[in-house]
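Q: okay, here's the prediction I keep looking at, along with the sequence it came from:
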Amino acid sequence: VHDGGYDIAWTAADGAEAVGHCARDLPDVLIMDIVLQKMDGVEATRRRMEWPRRFVTGSGASTEWGWGPRPPATIPDLLRIHAAVSGPLQPAGRPRARFQWPTGFARVPDQDWVQQPMDTFGLKYDTVENHGWYRNLDPTVEDLARHLEDGHLLIDYSGGTGILLDRLNLRIFDRQVGVLIVDSSPKFLRVALDKFGGEERVAFRLLHWLKEERRLELLDEVLGPELLARKADVIVSTNAIHLYRGLGDTLGSWARVLRPGGRAFVQSGNIRNPQSRPSEWILDETVYAIHEVAMGLVRNDARYAAYRPLLDDEARLQAHVAHRDQVFLPVRPLAHYLGALEGAGFTVEEVRARSIEARVDEWFEFLSAYHEAVLGWVGGSAKVDGRPPSAQAVTDRLALIRHAMDTLFGGRDAFRCCWTYLNAVRP
């Protein structure tokens with residue numbers, strides 16, 4: 001260390017102590033073992049990296065208190081860092097292409113959902129982007145920033161309320177890119193319209209449910225002839241591909257809409273990835289585990305004694321489990337998605353796994369919106385039992401979900417999940 005021109009600022013006996021030192025005295029170089037007490041080296045390094053991330057953004061970098069307190073020997077490195085993160089991703093000097101929608105294309109379709117008032121569920125869902133686990137979008141935003149150029153058209157498939165676009169706008173705010181938000185939920189899309197309806201480069205399309213055919217409209221069925229002739233440059237799908245029932249048909253429609261050389265960026269926390277670590281959860285499998293833990297609590301905890309007889313009604317329990325599995329679909333392996341992409345004509349260029357931390361309280365807040373699917377057997381539900389639960393039953397159900405989560409995660413305030421990122425190209 002000394003031979004390399006460094007001084008030893010401090011030493012730590014475990015990972016937690018190292019994180020504490022970093023908060024007070026951030027070193028230029030940190031050497032850490034993986035196997036440590038209290039907090040392993042991987043987690044300690046992740047937390048140590050939170051400090052420089054506070055000062056490095058998509059548009060530049062800053063140091064904690066300016067450069068004055070820094071040793072003179074560090075200034076050249078700081079200049080190189082600033083040059084690297086502040087430079088444009090696109091080459092300078094070439095003419096910029098202004099994005100325009102094709103003649104005859106309506107950004108906002110003349111459909112009933114456009115005139116509906118915003119729904120409280122859609123508004124509540126839009127706040128999920130404030131949850132820490134939605135940092136799963138960050139790698140996708142960086143992928144898009146590397147590939148989107150002036151004049152490109154991005155289709156945000158299953159774009160919902162526009163949470164991805166919120167973040168992408170901060171990253172490529174100066175780029176002439178058109179964005180089409182496509183979703184099957186009129187409630188979510190109505191919120192997106194309220195947020196982005198005034199932006200000329202943002203358009204909207206709803207995928208309708210075709211009742212007689214028992215399927216959603218495909219992407220190429222809703223774009224219209226103008227966009228079909230123009231073609232899209234990039235399609236992105238975040239936190240949704242595990243919900244697609246007709247996966248092959250969906251991906252086939254993507255391929256028909258993308259230009260040759262166009263890219264598809266897909267990610268989800270509900271793909272069984274062999275790269276995942278033993279300590280990481282598949283996100284929706286926590287719902288199955290909550291069900292199992294909750295049944296044990298009802299059998300053994302006097303606070304839930306009123307619901308014990310429900311556990312002996314096997315047919316009713318299975319009906320509620322079947323409803324849950326319609327909302328939180330069984331997890332499929334990575335190979336399923338790779339095969340579907342390749343079958344649709346895509347070449348998969350990259351597969352990555354990323355460990356994402358989810359806070360228990362934030363995941364509970366999210367699941368609370370779906371409490372009838374998570375533990376509908378507690379108090380019943382209109383969909384399965386033909387009558388809604390009482391107010392007290394809903395209160396008990398939410399309390400039981402939280403109790404089961406605290407038991408499942410051992411009282412910890414967070415757990416880690418494996419997110420899978422697939423980057424593919426249409427030849």
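A: Done, it's in.

Q: which residues in the stretch 151-300 of the chain form helices?
A: Listed in chain order, the helices of the stretch 151-300 of the chain (DSSP state H, counting those that start in this stretch) span residues 163-171, 186-196, 219-222, 225-230, 247-257, 285-300.

Q: which is the next helix or strand following the longest one?
A: If I follow you right, that is helix 285-300. Along the chain past helix 285-300, the next helix or strand (assigned with DSSP states H and E) turns out to be helix 314-327.

Q: for the next helix or strand after that next one, give me every contacting residue.
A: With elements assigned by DSSP H and E, the helix or strand that comes after helix 314-327 is strand 332-333. For strand 332-333, contacts defined as CB atoms under 8 Å, 6 or more residues apart in numbering pick out 242, 271-272. From N, CA and C alone the C-beta is placed, and that goes for glycine too.

Q: go on, stretch 243-260?
A: The contact list for stretch 243-260, computed with CB under 8 Å, 6+ apart, reads 155, 157-158, 215-216, 218-221, 223, 227-228, 231-235, 241, 264, 329, 336-337, 340-341, 343-346, 426-427.

Q: and it, what's its mean pLDDT?
A: Averaging the model's pLDDT scores along stretch 243-260 yields 96.

Q: relative to residue 368, how far out is residue 394?
A: For residue 394, the distance to residue 368 equals 10 Å [CB to CB, to the nearest Å].

Q: buried stuff in stretch 243-260?
A: Buried residues in stretch 243-260, defined by neighbour count with 16 or more other CB atoms under 10 Å: 243-244, 247, 250-258.

Q: output it as PDB - backbone C-alpha positions only.
A: Provided in PDB are the C-alpha atoms of stretch 243-260 (Å, rounded to 0.1, in the frame of the first residue of the first chain):
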ATOM      1  CA  LEU A 243     -47.300 -11.300 -16.700                       C
ATOM      2  CA  TYR A 244     -47.600 -12.000 -20.500                       C
ATOM      3  CA  ARG A 245     -49.700 -15.100 -21.000                       C
ATOM      4  CA  GLY A 246     -49.400 -15.200 -24.800                       C
ATOM      5  CA  LEU A 247     -45.600 -14.500 -24.600                       C
ATOM      6  CA  GLY A 248     -44.800 -15.800 -28.100                       C
ATOM      7  CA  ASP A 249     -47.500 -13.800 -29.800                       C
ATOM      8  CA  THR A 250     -46.500 -10.700 -27.800                       C
ATOM      9  CA  LEU A 251     -42.900 -10.900 -28.800                       C
ATOM     10  CA  GLY A 252     -43.800 -11.700 -32.300                       C
ATOM     11  CA  SER A 253     -45.700  -8.500 -32.500                       C
ATOM     12  CA  TRP A 254     -42.700  -6.600 -31.200                       C
ATOM     13  CA  ALA A 255     -40.500  -8.100 -34.000                       C
ATOM     14  CA  ARG A 256     -43.100  -6.900 -36.600                       C
ATOM     15  CA  VAL A 257     -43.000  -3.400 -35.200                       C
ATOM     16  CA  LEU A 258     -39.200  -3.000 -34.700                       C
ATOM     17  CA  ARG A 259     -37.000  -1.900 -37.600                       C
ATOM     18  CA  PRO A 260     -34.100  -4.200 -38.600                       C
END
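
Q: next, the contact list for the residue nearest to residue 308 when sequence neighbours are not counted, please.
A: Closest residue to residue 308 in three dimensions, ignoring its sequence neighbours and counting by CB to CB, 6 or more residues apart in numbering: residue 298, at 5.8 Å. Contacts for residue 298 were tallied using CB under 8 Å, 6+ apart; they are 304-305, 307-308, 310-311, 378, 400.

Q: what about 7 Å?
A: If a contact means CB atoms under 7 Å, 6 or more residues apart in numbering, then residue 298 has 304, 307-308, 311 as its contacts.

Q: need those in CSV (columns: neighbour count).
A: As requested, these are exported to CSV (neighbours: other CB atoms under 10 Å):
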residue, neighbour count
304, 20
307, 21
308, 14
311, 14
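
Q: got the phi/psi numbers for the nearest residue to residue 423 once chain neighbours are set aside?
A: Nearest residue to residue 423 in three dimensions, chain neighbours excluded: residue 350, at 4.2 Å (CB to CB, 6+ apart). Backbone torsions for residue 350, taken as degrees, to the nearest 10, come to phi -150, psi 140.

Q: on the pLDDT front, check residue 350 for me.
A: Model confidence at residue 350, given as pLDDT, is 96.

Q: didn't it look like it was pressed against residue 425?
A: No - contact between residue 350 and residue 425 fails when scored by CB atoms under 7 Å: they sit 9.8 Å apart.
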